[in-house]
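**Student:** Build me a model:
(chains A and B)
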Amino acid sequence: MTLAERSATAVVWTIAGAVTIFLMTPLVVTVIVSFGSSAIFTLPPPGWSLRWYERLANLRGLSAALAVSFQVGLLATAASLLLGGMASIALARGRFAGREAILAFLTSPLMLPGLVLGIALLQGLRFAGLRDVWTSLVIAHVIITMPYVVRTLYSALTLFDFSLVDAARTLGCSYPAAIGRVLLPNLAPAFVTSGIFAFLASMDNYAISIFFTNAWTKTLPIQMLNYVEEQPDPTIAAISSLLIGLVLVLLLICERVVGLRRLAEI
Amino acid sequence: MIAALKSRLARTDRIAILAVPALAYMVAIFAVPVLGLLLRSFSGPDGFTLAGYVSFLSDAFNWRVIGNTLRVAAITTLICLAIGYPTAVALSRARGFVQVALLVAIILPLSVGVVVKAFAWQIVLRRDGIVANFLVGIGVWDSPKLLLFTETGLIIGAANLFLPFMILPIYSVLKLVDPNIQDAAATLGASPLYRFFKVALPLAMPGIVSGASIVFSLAVSMYVIPSLLIGDRFQTLATLVGRSFLLMRNEQLGAVTASVLLALALAIVAFSTWAVRREGDSR
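**Tutor:** Down below sits the predicted model:
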C-alpha cells in the first residue's frame, strides 16, 4: 500500500469510529440519565437511582397511551401485511401494465411530509363523517405501515424462485398447499422484518397522529412530547430506555430470523 | 398461439386482482385526500383563486421560512454525505465483530423513536452538556455556549437522526462492487485521486443519489426535531403547517403552506427518480 492509500484508510476508519459514537450518543445518554439520581440531567450523574422507573407506575396517561400505540400499531401492521402482501404478489408475479407506477405509489407516503398527509386525511375523514379517534388512527396508520411492507415483501418476492411452487405441485401438492408449505416459509423472514419495521414506524409516528388524537386518546409519542413540554425530568428518559430495550429485543428477533446483514438492506 | 396468449392474459389478469384492495385503500385514504387538500388551497369564497398563493408568496416572512427549510435540509444532507460515505466504505470493508458493531450502531438508532432521540439531544446540547464541555476541553471554545435553540444544534440533531438513511443505500451499492476493480485500476497506473473520482465515486453514485434524496426529503419535512431543538422563533415549512392548523386554526394558510411543502417533496422524489434512472442508463 502506498502512503496515500494508507492515510485514506486511516481517515475512513477514524470517521467510521466517530460516526459510531455520534449515532449511539442519544441512546447512551438516555439510558445513563434514566439511572441517574439527578433531576436536572447532570452528566455524569452524581449517583445512581431507580426512582425514575418507580415513578413510571403512577405517571398519568402513560399506560393508556402505551395501550393505544400498541393496539393501533398491531392492527395497522396486520392490515398492511395482508393488503400489502397480496399487492406484492401481484406486482412481483403479474405481467400487467403500470406495475412500476403502482409500486412507486404504494411506497410514496414514506417520502412525503407526514404533517401534510395527516391534515389531508383529517379533512377527508371529517368530510366522510368519521369522528371516532381510535378508528381514524388505525385507518391513518395503515398509510404509514404500507410502504415498509410493500417494499420489503416485493423485493423478497422478486428474489423467490417460483418454479419451486411448480415443483411442489408436480410432486402432488395442491396449489394452496404449495403456497402454504413452500412460498410462505420461504418468505417468513421478509414478513417478520417488514412487520417489525412497519410496527416501529407506527409506534414512532407523531406527524400524522397529532391530527387524530384528543385529550382522552393519545399515542405514545404525543403523550411523551407532552411530558417533555410540561415537566421535563428523567422520567421521560426512563420511558425512552424501556422503548430502547423493546427495540433491542425486536432487532434480536430479526437478527435470529434473517441476520443483521440482510436487515441493512431494508 | 392466440389461445396461448389469451390464457396468459387471463392468468395475469387474475393475479392483478390481488393488487386491487391495497390500491383502492391507498387511493381512497391517501391520494384522494391529498388531492382534496391541493384543491382547497386553490379555492376561495367565489370558486377558483390564486389569492392564497399570491398572499403567501408576497409575504417576506414566508420566503424566509422557505429559505430556512431549504438551507437546513441542504446542510444536513451535505454533512450526512460527508461522514456517511466513509462510514459506508468502512462498513463494506469490515468483517466479523467490527461489521456487527457498525451495523448495530446504524440500525439500533434507526429503530428508536424520534421523540426519544430529540429529547436526548436537548440534554446533550445544553450549555453544560457533553458537546459544549467537549469543545471547551479540546480548546475550540473558551467558555461553554448554548447549542440548544440554535441552527447549529438543529443541524447536529437532524444529521444524527437521518445519517442511517444515507449510510445504508450507499452501503447496499458498495457491497455489490467488485473490490478487484480498485486493484485493477491501480495496476493500470491510475493515481489514488483519479481512482476515487473516476472509479469509486461513479460506482457508488446510485447509492449516493438515493441516500441524499431520502435525507433531503426527510429534513425538509421534519417537524418534531425543530419543535424540540430550536423552538418557535425558527420556522420551517413543516412547523408553519403545524402552527397554522394546530395553533392558529388558519386552514387557508395551512392548505397553501402544506401544498408548497408537498410540491417541494414531490419535486425531490421526481428529481431523484430521474437521477437514479439516468445513472442506471449510463452504465
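
**Student:** Which residue is the nearest non-sequential neighbour of residue B:56?
**Tutor:** Nearest residue to residue B:56 in three dimensions, chain neighbours excluded: residue B:256, at 4.8 Å (C-beta to C-beta, 6 or more residues apart in numbering or on different chains). All C-beta atoms are positioned from the backbone trio N, CA, C, and that covers glycine.

**Student:** what helix or strand does that neighbour sit in?
**Tutor:** Per DSSP states H and E: residue B:256 is located in helix B:251-281.

**Student:** Which neighbouring elements make contact with that helix?
**Tutor:** On a contact count with 3 or more C-beta pairs under 8 Å, 6 or more residues apart in numbering or on different chains; DSSP states H and E, helix B:251-281 meets helix A:114-128, helix B:32-41, helix B:51-57, helix B:60-93, helix B:201-221, helix B:237-242.

**Student:** Quick check: buried residues in that helix?
**Tutor:** B:251-262, B:264-265, B:268-269, B:272, B:275-276, B:279 (16 or more other C-beta atoms under 10 Å in any protein chain shown).

**Student:** Can you name the residue of the stretch 151-283 of chain B nearest chain A?
**Tutor:** The nearest approach of the stretch 151-283 of chain B to chain A comes at residue B:221, 3.5 Å away (C-beta to the nearest C-beta).

**Student:** Residue A:11 contacts residue B:85, correct?
**Tutor:** No - Residue A:11 lies out of contact with residue B:85 (C-beta atoms under 8 Å); the separation is 11.3 Å.

**Student:** Looking at the two, which one has more neighbours?
**Tutor:** More crowded of residue A:11 and residue B:85, by other C-beta atoms under 10 Å in any protein chain shown: residue B:85, with 23 against 12.

**Student:** wouldn't that one be in contact with residue B:212 here?
**Tutor:** No - contact between residue B:85 and residue B:212 fails when scored by C-beta under 8 Å: they sit 10.1 Å apart.

**Student:** re the thing from before, so the residue of the stretch 151-283 of chain B closest to chain A sits right up against residue B:258, yeah?
**Tutor:** No - if you go by C-beta under 8 Å, residue B:221 and residue B:258 don't touch, sitting 10.8 Å apart.

**Student:** so what's in contact with the two at the same time?
**Tutor:** Taking C-beta atoms under 8 Å, 6 or more residues apart in numbering or on different chains as the contact rule, residue B:221 and residue B:258 both touch A:113, A:115-116.

**Student:** restrict the residues you listed to those near chain B?
**Tutor:** Contacts with chain B within the shared contacts of residue B:221 and residue B:258, as defined by C-beta under 8 Å from any C-beta of the partner chain: A:113, A:115-116.

**Student:** Just read off the phi/psi values of the nearest residue to residue A:220 once chain neighbours are set aside.
**Tutor:** When the adjacent residues along the chain are set aside, residue A:220 lies closest to residue A:69, with 4.0 Å between them (C-beta to C-beta, 6+ apart). Backbone torsions of residue A:69, given as degrees, to the nearest 10, read phi -60, psi -40.

**Student:** Now do the same contact list for residue A:69.
**Tutor:** Going by C-beta under 8 Å, 6+ apart, residue A:69 touches A:202-203, A:219-221.

**Student:** could you dump these to CSV with secondary structure?
**Tutor:** Shown next, in CSV, are the contacts of residue A:69 (DSSP: H, G, I helix; E, B strand; the rest coil):
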residue, secondary structure
A:202, helix
A:203, helix
A:219, coil
A:220, helix
A:221, helix
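
**Student:** Name the nearest of those relative to chain B.
**Tutor:** Nearest member of those to chain B, counting by C-beta to the nearest C-beta, is residue A:221, at 4.8 Å.

**Student:** tell me the angle of the helix holding residue B:256 relative to helix B:201-221?
**Tutor:** Inter-element angle recorded for helix B:251-281 and helix B:201-221: 170 degrees (by axes from the mean of the first three to the mean of the last three C-alpha atoms, to 10 degrees).

**Student:** what angle separates helix B:251-281 from helix B:60-93?
**Tutor:** 30 degrees.

**Student:** Helix A:114-128 and helix B:251-281, what's the angle between them?
**Tutor:** Computed by the same axes, to 10 degrees, the angle separating helix B:251-281 from helix A:114-128 equals 120 degrees.

**Student:** Please compute how far helix B:251-281 lies from its chain's middle.
**Tutor:** Averaging C-alpha positions (C-alpha atoms, centre = their mean, to the nearest Å) puts helix B:251-281 12 Å from its chain's average.
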